[in-house]
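Novice: Here is a sequence together with a model predicted from it:
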Amino acid sequence: MWFELLLATLLCACVLYVPGFFFARALRMRRFDAVAVAPLFSVALLVAEGIVAHKAGVAMPAYVLPLVALGICLACFVVSRVVVRPTAPRGAHVWPSPEAESVSARCCQDVGKQVLLYVGVALFVTVIVFLTAIDGPDSFSRSDDTAFHIAVIRGFLDSGSYSILNCSSFLDHGIAGGYYPGAWYVVAAVVASVFGDSVSLANNATIIVSMVLVFPLVMLFFFRQFFPGNTRLAYAGALVTPAFCGFPWGFLVFGQLFGNLLSWIFVMVALVFLARAIDAKGAGVRARWIVCLVIALPVIAAAQPNGVFTFGIIAVAYTAWRIFFEPNAEHATFSRARILGVVGLVVAACVVWVGFYFAPPLQAVVEYETPATLSLAEGIASGLTFMFSTHGGIQPFLSVVVLLGIIRTCRKGHRRYLWMTAAFACAMLIYFVDVGTDWPIKHLLAGFWYSDYRRTGAMAALFAIPLAAMGLQWLIDACLALARRLHGGNKLGTVGVRVVASAVVVVMLVCQFAPLHVYFSEKRDIRMGLMTVRNQLTTNYSWQIGFTAEEDAFVQQVKDIVPEGALVVNLPNDGSCWSYGVEGLDTYWRRCVKNGVGSSDQDKLLRLHMKELSTSEDVQQAVSDLNIQYVLLLDYAGADNRTMVEKRYEGKDWVGIEEITDDTPGFTVVLSEGDMRLYAIDRSYVAE
């Protein structure tokens with residue numbers, strides 16, 4: 001199975017990079033830039049194809065989507081090379097300036113090394129934090145959101161429809177869905193379609209590609225844009241990119257928030273597009289970057305709409321500061337016109353923010369209640385240590401280097417990077433209010449992220465990455481200066497420099513992976529760095545909880561028995577909520593909630609009275625209308641060591657199913673193993 005995961009990972013990489021690379025090259029991007037942004041364009045095409053095919057009523061295997069996307073991108077590439085003549089040098093834009101461009105050109109020789117470093121560091125962290133934590137290549141997180149995610153992916157595969165405008169857990173029943181930011185689902189469905197519809201395997205492959213390739217290369221793209229020619233800072237960026245618990249790792253623990261993960265990675269791509277559009281030389285080149293930005297924003301929204309607001313914060317910070325700084329300038333230029341321009345920009349952004357806050361379609365989001373879990377003082381402490389939730393550990397090393405990075409942006413010669421500090425400070429303020437208060441302004445500031453302190457904290461972590469890279473470079477420089485002083489002012493030589501730099505990295509690794517654990521309470525359980533994430537993933541992906549390996553094997557036997565089209569009533573909290581997404585078993589409830597495939601009245605009737613099949617005409621009619629033929633119980637009532645999921649579970653809500661026994665009239669045992677049962681419904685009791 002591990003080899004199969006490797007193959008699925010390679011396929012996912014091809015799906016994300018091959019079509020988009022040719023499209024980016026058609027837009028005259030440099031090779032590395034085209035590689036870095038390729039996933040955004042690939043996802044854009046996959047999502048668009050899914051919508052168009054659904055509107056046209058065309059069903060198809062998922063693997064057809066990237067083939068069509070590749071054909072479109074190759075056609076664009078050929079047209080751009082054969083028909084359209086370039087109007088400007090490839091990738092020309094004013095920022096960096098021509099002088100900086102020459103420095104960057106010399107730096108291009110290092111891009112291969114930088115790519116290897118970014119991917120290598122990310123792979124190292126991913127292996128430790130994720131791959132050694134999960135309980136097998138086809139395991140999955142036993143979280144409530146994941147039950148929905150994998151059910152939607154399975155629904156895409158079963159229905160042949162891949163439209164994010166038609167997302168539902170019950171597409172296989174022909175029930176129309178609605179809009180959901182499901183860009184991730186489309187990618188995972190493509191991979192699963194080639195590997196026997198193994199949704200959990202495809203999901204893990206997509207996670208690996210996102211963590212090892214997509215995010216690191218996007219951040220290298222970011223660093224090469226905003227720090228042109230600064231090779232040492234680019235190297236520092238490789239070390240801090242996968243280092244924060246809040247982002248990206250927190251989104252694999254809480255939720256899981258796959259859409260948010262993908263959306264926010266693309267935020268950094270969109271920011272580079274914005275910078276190049278602002279500073280482009282020539283209308284033609286500017287138009288190309290604007291086109292890229294216009295493509296990027298809907299893709300960000302297709303993955304998770306709050307990514308657009310995340311982009312808005314950092315984009316306004318960059319644009320405002322860019323008004324004061326000419327390209328590559330060391331000093332700001334202040335004038336009445338520039339000041340009025342910045343004030344106008346900020347005011348306009350606030351007006352748009354408030355306008356969206358009051359927009360009727362967003363009310364369910366912005367008014368979502370997520371109560372404060374800490375006092376304001378505790379929230380500030382958790383933010384400053386980058387422990388944004390109990391899912392993340394304290395990260396003192398990152399606290400130090402981020403602080404150094406902030407100081408660095410305030411010093412002469414580096415103030416053109418103050419916008420990074422401004423964006424980080426804004427995100428941190430939103431987090432403080434979010435996690436530590438229930439003030440009315442909380443919804444205005446954090447409502448676009450469901451007032452969820454985990455997401456607002458993750459945003460602060462994302463914005464902290466470039467500051468951490470600046471701080472890490474400065475820290476290493478300071479350590480080298482100290483070492484030279486201790487060495488009598490003599491040069492250290494190559495070996496000495498590497499020793500000092502390695503010592504700093506070792507300290508960082510200790511702070512990230514040390515087995516520190518201090519327990520104060522459930523909400524104040526403190527661990528060190530990324531080991532907290534790994535421990536949580538180990539628990540979430542275990543085949544010993546929720547939906548166990550034994551239960552999965554039983555469900556596989558059930559699937560062989562149950563004929564196609566036969567609906568199985570289940571108790572979702574016994575782990576069977578995952579059985580449709582993981583194994584494709586046609587279950588009635590596919591999440592730990594009360595609403596299933598039927599109407600709300602049918603849901604309630606079955607939950608409370610299914611055991612009365614032999615005597616209740618209403619139950620008999622519902623069973624007939626829904627074509628229910630079996631009942632599945634993975635944790636037999638009264639058995640020892642039940643692996644029940646407690647989320648939203650109250651026994652009184654499920655007595656009609658949970659109290660079915662081997663002796664209940666109307667139900668015949670078809671398969672029995674331990675405390676697991678599959679009952680066939682006696683058709684003599686079913687209404688005609």
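Specialist: Ah, there it is.

Novice: Okay, now the unreliable bits of this structure?
Specialist: Counting by pLDDT under 70, the low-confidence segments of the chain come to 84-109, 390-391, 519-525, 688.

Novice: tell me which element the residue most central in space within it is part of?
Specialist: Averaging the C-alpha coordinates of the chain gives a centre point, and the residue nearest to it by CA atoms, centre = their mean is L261 (1.9 Å). Secondary-structure element containing L261, defined by DSSP states H and E: helix 258-278.

Novice: Likewise for V568?
Specialist: Taking DSSP H and E as the criterion, the element that holds V568 is strand 567-570.

Novice: Could you tell me whether Q602 really is in a helix?
Specialist: Yes: with the criterion set as DSSP: H, G, I helix; E, B strand; the rest coil, the secondary structure at Q602 is a helix.

Novice: Can you get me a residue count around it?
Specialist: For Q602, the number of neighbouring residues by other CB atoms under 10 Å comes to 21. In this view, the C-beta of every residue, glycine as well, is placed from N, C-alpha and C.

Novice: Relative to N540, how far out is it?
Specialist: Noted for Q602: a distance of 32 Å to N540, by CB to CB, to the nearest Å.

Novice: what's the answer for Y357, then?
Specialist: With distances defined as CB to CB, the gap from Y357 to N540 amounts to 33 Å.

Novice: List the residues that contact T333.
Specialist: Contact criterion CB atoms under 8 Å, 6 or more residues apart in numbering gives F324, F325, E326 as the residues in contact with T333.

Novice: What is the burial count for the first one?
Specialist: Pointing back at F324 there. Around F324 there are 20 other residues, counting by other CB under 10 Å.

Novice: Specify the local secondary structure of the nearest residue to it once chain neighbours are set aside.
Specialist: For F324, ignoring the flanking residues on the chain, the nearest one in space by CB to CB, 6 or more residues apart in numbering is A332 at 4.1 Å. Assigned with three-state DSSP, A332 falls in the coil class.

Novice: How far off centre is stretch 322-340?
Specialist: For stretch 322-340, the gap between its own C-alpha mean and the chain's C-alpha mean amounts to 36 Å (CA atoms, centre = their mean, to the nearest Å).

Novice: Check stretch 138-151 too.
Specialist: The chain centroid and the centroid of stretch 138-151 are separated by 14 Å, computed with CA atoms, centre = their mean.

Novice: List the buried residues in it.
Specialist: Burial within stretch 138-151, assessed by neighbour count using 16 or more other CB atoms under 10 Å, is assigned to 138-144, 146-151.

Novice: swap in stretch 673-688?
Specialist: Across stretch 673-688, burial judged by 16+ other CB under 10 Å covers D675, M676, R677, L678, Y679, A680, I681, Y685, V686.

Novice: Same question for stretch 68-85.
Specialist: For stretch 68-85, a neighbour-count test (16+ other CB under 10 Å) marks V68, A69, L70, C73, C76, F77, S80 as buried.

Novice: Pull the residues that contact stretch 127-140.
Specialist: 1-2, 4-5, 146, 150, 198, 200-201, 203-204, 207-208, 211, 249, 252, 513, 530, 533-535, 537-538, 541-544, 578, 581-582.

Novice: Same question for stretch 336-349.
Specialist: Residues from elsewhere that reach stretch 336-349, judged by CB under 8 Å, 6+ apart: G312, V316, T319, A320, I323, F324.

Novice: now swap in stretch 43-59 and tell me
Specialist: The contact list for stretch 43-59, computed with CB under 8 Å, 6+ apart, reads 15-16, 19-20, 23, 60, 65-66, 68-69, 72-73, 159-166, 183, 186-187, 190, 262, 266, 295, 298-299, 302-303.

Novice: Run the chain-centre distance for that stretch.
Specialist: Between the mean C-alpha point of stretch 43-59 and the mean C-alpha point of its chain there is a distance of 22 Å (CA atoms, centre = their mean).

Novice: again with stretch 191-201
Specialist: A distance of 19 Å separates the centroid of the chain from that of stretch 191-201, by CA atoms, centre = their mean.

Novice: try stretch 470-489
Specialist: 37 Å.

Novice: Give the buried residues for it.
Specialist: Using 16+ other CB under 10 Å as the test for burial, stretch 470-489 gives M470, G471, L472, Q473, W474, L475, I476, C479, L480, R484.

Novice: Export those as TSV, with columns for distance to V623 and secondary structure.
Specialist: Listed next are the buried residues of stretch 470-489 as TSV, based on distance: CB to CB, whole Å; DSSP: H, G, I helix; E, B strand; the rest coil:
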residue	distance to V623	secondary structure
M470	65	helix
G471	64	helix
L472	64	helix
Q473	67	helix
W474	70	helix
L475	68	helix
I476	69	helix
C479	73	helix
L480	76	helix
R484	82	helix
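
Novice: burial of L345, as a residue count?
Specialist: The burial metric for L345, expressed as a neighbour count using other CB under 10 Å, is 14.
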